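# What follows is a protein structure lacking sequence information:
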């Protein structure tokens with residue numbers, strides 16, 4: 001494989017929907033409420049996606065250093081573990097992406113206020129501490145919680161606040177839905193790698209709970225977006241369009257009960273597709289349907 005393809009693969013492009021859609025949803029709610037500055041919204045989206053790329057790069061580096069990426073892993077091959085990208089090159093790339101995110105973030109800070117700097121620095125710190133440092137979050141069972149917060153609540157509510165300079169219930173509720181999808185993707189990955197993670201001392205939530213309890217948690221995470229869609233539909237009936245994807249979610253939950261080995265890879269792909277369909281329908285409902293009730 002050519003070198004640039006390894007870098008693309010290390011960014012895990014298929015997973016970038018997990019940062020794109022909550023951010024886009026927050027922007028959609030801001031547009032719905034009457035204010036969107038296109039350049040600001042564009043920078044926000046780029047920062048959100050680059051933060052995920054950074055997290056993925058650091059994840060490759062951290063798991064390699066700690067021995068979690070071995071030839072026995074069931075997921076796609078990792079560039080650093082395969083020797084296609086050196087650890088030092090991955091560290092440099094991670095620092096460069098961090099610098100780009102910080103530079104773009106400072107442009108937004110200058111426009112909306114210093115509070116955003118604290119949020120941005122927290123997101124950068126999380127990207128590094130997820131698999132790096134003395135006690136990485138991924139190794140102590142906090143990965144799913146971090147996903148709900150930083151791949152759901154923060155990008156959705158934050159994108160809205162960047163445009164409106166205020167918070168609102170709708171982007172927070174929507175963010176919970178996308179955070180649950182992100183946590184489900186991570187959880188499926190962790191259940192798949194449960195045995196190997198246990199051997200290398202990576203105490204993910206799946207390792208701590210065991211396969212059966214972790215699978216039940218995945219069922220809950222897949223249900224949360226539909227509960228939030230029902231809540232949103234009380235004020236915005238068009239939001240119920242996202243419920244169309246519920247049968248798809250149900251089949252994923254059903255198949256999780258009997259999955260094993262590399263079958264989890266297909267379930268991961270299906271969950272990412274589900275997230276995309278849900279995001280398109282919900283954002284489309286926000287942007288295209290008129291407000292049915294006054295705020």
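Thanks, I have it. Nothing here was measured: the structure is a model prediction, and the numbers come from that model.
# okay, and for this structure, where does confidence drop off?
Residues of the chain that meet the criterion pLDDT under 70 lie in 1, 70-73, 289-295.
# max-length helix in it?
Looking across the chain with DSSP state H, the single longest helix is helix 38-65.
# which helices and strands sit right next to that one?
Under the contact definition 3 or more CB pairs under 8 Å, 6 or more residues apart in numbering; DSSP states H and E, helix 38-65 sits against helix 3-10, helix 17-32, helix 79-82, helix 87-112, helix 115-129, helix 154-164. To be clear about C-beta, it is placed using only N, CA and C from the backbone, and glycine gets the same treatment.
# Include distance to residue 209 when you put the ones you listed into CSV, please.
Output for the helices and strands packed on helix 38-65, formatted as CSV (distance: least, CB to CB, whole Å):
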stretch, distance to residue 209
helix 3-10, 29
helix 17-32, 22
helix 79-82, 26
helix 87-112, 30
helix 115-129, 22
helix 154-164, 25
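# In CSV: the ones you listed, plus distance to residue 62 and mean neighbour count.
Converted to CSV, those look like this (distance: least, CB to CB, whole Å; neighbours: other CB atoms under 10 Å):
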stretch, distance to residue 62, mean neighbour count
helix 3-10, 13, 15
helix 17-32, 19, 26
helix 79-82, 10, 20
helix 87-112, 10, 16
helix 115-129, 9, 17
helix 154-164, 21, 26
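# Out of those, which is closest to residue 180?
Using CB to CB as the measure, helix 17-32 is the one of these that comes nearest residue 180, at 10.6 Å.
# mind checking how far the closest one is from the chain centre?
13 Å (CA atoms, centre = their mean, to the nearest Å).
# what do you get for stretch 16-25?
On CA atoms, centre = their mean, the centre of stretch 16-25 falls 7 Å from the chain's centre.
# Residue 279: neighbour count?
For residue 279, the number of neighbouring residues by other CB atoms under 10 Å comes to 25.
# Check whether residue 182 really touches residue 154, as I assumed.
No: using CB atoms under 8 Å, residue 182 is not in contact with residue 154, being 11.1 Å away.
# Among the helices and strands packed on helix 38-65, which comes closest to residue 275?
Across the helices and strands packed on helix 38-65, closest to residue 275 is helix 17-32 (CB to CB), at 5.5 Å.
# what residues does that closest one touch?
Residues from elsewhere that reach helix 17-32 (CB atoms under 8 Å, 6 or more residues apart in numbering): 36, 41, 44-45, 48-49, 51-52, 147, 151-152, 155-161, 163-164, 168, 170-171, 174-175, 178-179, 181-182, 185, 272, 275-276, 278-279, 282-283, 286-287, 291.
# Buried among the residues you listed? Need that as a selection in ChimeraX.
To isolate the buried ones among the contacts of helix 17-32 in ChimeraX, judged by 16 or more other CB atoms under 10 Å, type:
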select :36,41,44,45,48,49,51,52,147,151,152,155,156,157,158,159,160,161,163,164,168,170,171,174,175,178,179,181,182,185,272,275,276,278,279,282,283,286
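# Over to residue 284: give its phi and psi.
Taking degrees, to the nearest 10, you get phi -60, psi -40 for the backbone angles of residue 284.
# Excluding chain neighbours, what is closest to it?
Computed as CB to CB, 6 or more residues apart in numbering, the closest residue to residue 284 that is not its neighbour in sequence is residue 241, at 7.2 Å.
# who's in contact with residue 149?
residue 179.
# so it, which of the three states?
Using DSSP: H, G, I helix; E, B strand; the rest coil, the structure places residue 149 in helix.
# Residue 211 is nearest to which of the helices and strands packed on helix 38-65?
Nearest to residue 211, of all those, is helix 17-32, at 23.2 Å by CB to CB.
# Helix or strand for the residue nearest to residue 25 when sequence neighbours are not counted, just tell me which one.
In this structure, residue 25 finds its nearest non-sequential neighbour in residue 174, 4.8 Å apart by CB to CB, 6+ apart. Secondary structure from DSSP states H and E places residue 174 in helix 169-192.
# Who are the packing partners of that helix?
Helix 169-192 packs on helix 17-32, helix 143-148, helix 154-164, helix 205-209, helix 211-235, helix 263-288, going by 3+ CB pairs under 8 Å, 6+ apart.
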